[in-house]
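Visitor: give me the fold of what follows.
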Amino acid sequence: MFSFASLARISKQSYSSSSRCCLFGALPAICVAAVAAMDNDDNYINEESSSFIRRFLPTTTITLSESATPSPQAQSKDGSDDDGLLFGGQCLKRQMHVPNVPYPLWDYNWDGKMTSDTSLEAFRNGQANSSNRNNNKKKNVRKKRTKKSRHILLVRHGQYDERREEDIYRTLTPLGRRQAIQTGIRLTKIAKGSMNFETCKFNGQCSVKAIHVSNMVRAKETAQLIAQQFQDQDQKVFVQKPDPLLNEALPAPMVPIRPDIIGGTEEIDENHDRIEEAFRKYFHRDDDEDEDVTIPPTSSDKDDDDDDDEDEDKNEFEVIVCHGNIIRYFFCRALQLPPEAWLRLCTFNCSITYLVIRPNGMVSARMMGDVGHLDYDDTSFSGLHGFRW
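Guide: Numbering: from 1, shown residues only. Sure, this is the predicted structure:
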């Protein structure tokens, strides 16, 4: 495993200016680091990854030459000087999340919960999520898959009063309350529609497991209004104990940088680990154990599809009411995109970001910052209204 704290500098022959590095974003930084790691440890990365990186950066050279004079604010997380010309001192050393495999490859064990039937080898052999039925049928015993597809609905809080800095005074505005109510109605329709949808095998029994919420007033008020809409539809869904891990903050360095928040590196250092912990807490494949079930003897000519009905995927919904920066970071991390891209995304008040995590660990995004359930006049981004800003 390599660390960006010891990453070699990019030579002037490869990147003549910081703007050129900014143009490519975080991907070259990852690849350069991976190449350096491969030079030092041939066992670190597999042949497929190695081949990809060297094709992607055929002319990149790594040099240990001294870097440019660092800016006063340019320090890495470990306190050492960083190159002030790169992303305002935020990268390369400031890159806090290091993927297990280089971009754009997919880490099949991203949550540490991969099993033999969801491994890359199983996918290649067409055996993912299947058991050895031939052997099990002889014993009339087999594994019944009970794992669920996890539907995670991230909701940004409604518009709130920003005139005071203290959180206790940052309550929802009348518009923010309307937004929360409309969002709750939309979420009840999504969940209820999935329960009643019978034409697609993916949609089996569906339940809304919980509503999670940050510990900030505007999020807690939004969550309670959403929960009320579920209760009005006779769906018992409860708001869980507020979780400070979900509180708002700058989650990671920004590429490209925002001139107005270059000084945010201290806040990032203070909060990144906490927000990463929140991601790992809420984002993972279902880890329920499959059950051994006894099945009656079947005729040899019975279609295997009949047994497939026993393995029909179930779906479970969880709502997380939190904040724009947190949602954007979660979105990038869940899709294994560079987290440094989080500020390129936009999340309006009470927008819905919808991600699905399958039992095999595959992740897909169904919505990002969706506000289609809100009237145009009720659409806002903090104090900004509509889209013309």
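Visitor: going forward, measure contacts between C-alpha atoms and count neighbours the same way
Guide: Fine.
Visitor: skipping adjacent residues, who's closest to Ile185 in space?
Guide: Among residues not flanking Ile185 along the chain, Gln229 sits closest, at 5.8 Å (CA to CA, 6 or more residues apart in numbering).
Visitor: hang on, that neighbour is in a helix, isn't it?
Guide: Yes: under DSSP: H, G, I helix; E, B strand; the rest coil, Gln229 sits within a helix.
Visitor: return the residues in contact with it.
Guide: Gln229 makes contact with Ile181, Gly184, Ile185, Thr188 under the criterion CA atoms under 8 Å, 6 or more residues apart in numbering.
Visitor: so of the residues you listed, which ones are in helices?
Guide: Secondary structure from DSSP state H places Ile181, Gly184, Ile185, Thr188 of the contacts of Gln229 in helices.
Visitor: got a list of what the first one touches?
Guide: When you say that, I think you mean Ile181. Leu225, Ile226, Gln229.
Visitor: for Tyr376, see how far away it is.
Guide: Ile181 sits 15 Å away from Tyr376, going by CA to CA, to the nearest Å.
Visitor: any stretches of the chain with poor pLDDT?
Guide: 1-94, 117-145, 195-206, 262-263, 289-313 (pLDDT under 70).
Visitor: quick one: the strands in it?
Guide: 9-10, 62-63, 141-144, 148-156, 206-213, 291-294, 314-322, 352-357, 363-370, 380-381, 384-385 (DSSP state E).
Visitor: quick one: closest of these to Lys220.
Guide: The closest of those to Lys220 is strand 206-213. By CA to CA, the value is 6.2 Å.
Visitor: give me the contact list for the closest one.
Guide: 191, 194-195, 219-220, 223, 227, 237-243, 246, 314-322.
Visitor: next, count neighbours for Glu277.
Guide: 12 (other CA atoms under 10 Å).
Visitor: if I look at it, how far off is Asp243?
Guide: 12 Å.
Visitor: then Asp234?
Guide: For Asp234, the distance to Asp243 - CA to CA - is 26 Å.
Visitor: tell me which of the two has more neighbours.
Guide: Taking other CA under 10 Å, Asp234 and Asp243 do not tie; Asp243 has more neighbours (14 against 9).
Visitor: how far away is the residue nearest to that one when sequence neighbours are not counted from Val321?
Guide: Residue nearest to Asp243 in three dimensions, not counting chain neighbours: Ser214, with 4.8 Å by CA to CA, 6+ apart. As judged by CA to CA, Ser214 and Val321 stand 7 Å apart.
Visitor: re earlier: which one (most neighbours) among the contacts of Gln229?
Guide: In terms of neighbours by other CA under 10 Å, these top out with Gly184 at 24 neighbours.
Visitor: which ones are touching the residue lying closest to that one once chain neighbours are set aside?
Guide: Spatially, and ignoring its direct neighbours in sequence, Gly184 is nearest to Ile226 (4.1 Å; CA to CA, 6+ apart). Ile226 is in contact with Ala180, Ile181, Thr183, Gly184, Ile185, counting by CA under 8 Å, 6+ apart.
Visitor: how about Tyr329?
Guide: By CA under 8 Å, 6+ apart, Tyr329 lies in contact with Pro251, Ala252, Pro339, Trp342.
Visitor: how near is it to Asp243?
Guide: 17 Å.
Visitor: re the thing from before, could you identify the most distant pair in the contacts of Ile226?
Guide: Spatial extent of the contacts of Ile226 (CA to CA) is set by the pair Ala180 and Ile185 at 8.7 Å.
Visitor: sorry, back to before: assess the claim that the residue nearest to Asp243 and Pro244 are in contact.
Guide: Yes: assessed by CA atoms under 8 Å, Ser214 is found in contact with Pro244 at 5.5 Å.
Visitor: quick one, which of those two is more surrounded?
Guide: Ser214 (23 against 14).
Visitor: rewinding a little: in JSON lines, list the ones in helices among the contacts of Gln229 along with distance to His151.
Guide: Output for the ones in helices among the contacts of Gln229, formatted as JSON lines (distance: CA to CA, whole Å):
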{"residue": "Ile181", "distance to His151": "21"}
{"residue": "Gly184", "distance to His151": "16"}
{"residue": "Ile185", "distance to His151": "17"}
{"residue": "Thr188", "distance to His151": "13"}
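Visitor: burial measure for Ser149, as a count.
Guide: 24.
Visitor: does it have beta-bridge partners, and which?
Guide: Asn315 (DSSP bridges).
Visitor: so how far is Thr188 from it?
Guide: Taking CA to CA, one finds Ser149 at 18 Å from Thr188.
Visitor: from memory Cys322 sits against Arg156, does it?
Guide: Yes: between Cys322 and Arg156 there is a contact under CA under 8 Å: 5.3 Å.
Visitor: shared neighbours of these two, anything?
Guide: Between them, Cys322 and Arg156 share the contacting residues Ala219, judged by CA under 8 Å, 6+ apart.
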